[in-house]
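1. here's my sequence, what's the structure:
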Amino acid sequence: MIKQVVIIGCLAAAGAAEARQLKPARLAPSPFADTEVSTNVTCNLNLPSLKMYRLALGLVATPSNEVEVVIGPDADRDGRLSFDEHRVVFACDGGEWIAFGLGGVIEPVIGGPDTNGVVWAYIEVDIRRHKSNPAWLYSDTWNLMKVTRRGVDDPLELVKLETRTSGTVVILR
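-> Got it, this is the predicted structure:
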C-alpha cells in the first residue's frame with residue numbers, strides 16, 4: 001500500500017514540474033526583396049512558479065537577411081506588438097547578433113554553424129519570485145511575441161520560447 005502511495009506521489013510531482021516550449025510556424029517568404037514578413041504569436045510568461053525562460057533563434061545567417069524576435073505586452077489588445085510595446089528585442093542582422101531592451105543590452109550565447117549552416121543563439125533569463133536580474137528582462141505582463149524576417153535570402157529561421165517551472169516533491173516515509 002505504501003509503495004502505491006509513493007508511486008502516485010512521484011507521478012503527481014513529475015506532472016507538476018514541467019517545461020513548455022513554443023515554436024511558431026516558419027514565416028512565408030515575401031514576394032518582394034525590399035519588404036518584410038512578420039507574425040505575432042501569443043505566449044504566456046505569467047506562470048505560477050516560473051523559474052526560467054529561454055528565447056532561442058536558429059537561422060542561416062547571410063549578409064542580406066535579418067530575423068528579429070520581440071517580446072512584450074499587448075497593452076492595447078489588438079493582437080500585434082506595436083513599437084511602443086517592445087520590451088526585449090533579439091535579432092540577427094547580416095550575421096550580427098544583438099539582444100536589447102528598455103534597460104540595456106545583453107550578449108546572447110551563440111553556437112554553430114552546424115553542417116547545414118544553421119547558427120543558433122539564445123538568451124536565458126533566470127526568474128525568482130517573478131523578478132529577473134536585471135529587472136528589464138522579465139515581466140509577467142508579457143503575452144505576445146513578434147517574429148519578423150527581412151531580406152532576400154531564405155534564413156530558414158526557427159524560433160523557440162521555452163519556459164521552466166518548479167514543481168512539488170512529496171516524500172512519504
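2. now stretch 143-158: mean pLDDT?
-> The average pLDDT for stretch 143-158 rounds to 87.
3. same check on stretch 87-97?
-> Rounded mean pLDDT across stretch 87-97 is 91.
4. would you mind writing the CA trace of that stretch as PDB?
-> Extracted in PDB, the C-alpha atoms of stretch 87-97 (Å, rounded to 0.1, in the frame of the first residue of the first chain):
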ATOM      1  CA  ARG A  87      10.400  45.100 -24.300                       C
ATOM      2  CA  VAL A  88      13.100  42.700 -25.400                       C
ATOM      3  CA  VAL A  89      14.400  42.500 -28.900                       C
ATOM      4  CA  PHE A  90      16.600  39.600 -30.100                       C
ATOM      5  CA  ALA A  91      17.900  39.700 -33.600                       C
ATOM      6  CA  CYS A  92      20.400  38.600 -36.200                       C
ATOM      7  CA  ASP A  93      21.000  41.200 -38.800                       C
ATOM      8  CA  GLY A  94      23.500  40.200 -41.600                       C
ATOM      9  CA  GLY A  95      25.300  37.800 -39.200                       C
ATOM     10  CA  GLU A  96      25.500  40.200 -36.300                       C
ATOM     11  CA  TRP A  97      23.600  39.100 -33.100                       C
END
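5. which residues touch it?
-> 55, 57, 59, 61-73, 98-102, 108, 110, 119, 121, 123, 136-137, 139, 142, 155 (C-beta atoms under 8 Å, 6 or more residues apart in numbering). C-beta here means a position set from N, CA and C on the backbone, and glycine is covered the same way.
6. now that we have those, which of them are buried?
-> 55, 57, 59, 61-62, 65-73, 99, 101, 108, 119, 121, 123, 137, 139, 142, 155 (16 or more other C-beta atoms under 10 Å).
7. give me the subset of those residues that lies in strands.
-> Using DSSP state E, the members of these that fall in strands are 55, 57, 59, 65-72, 99, 101, 119, 121, 123.
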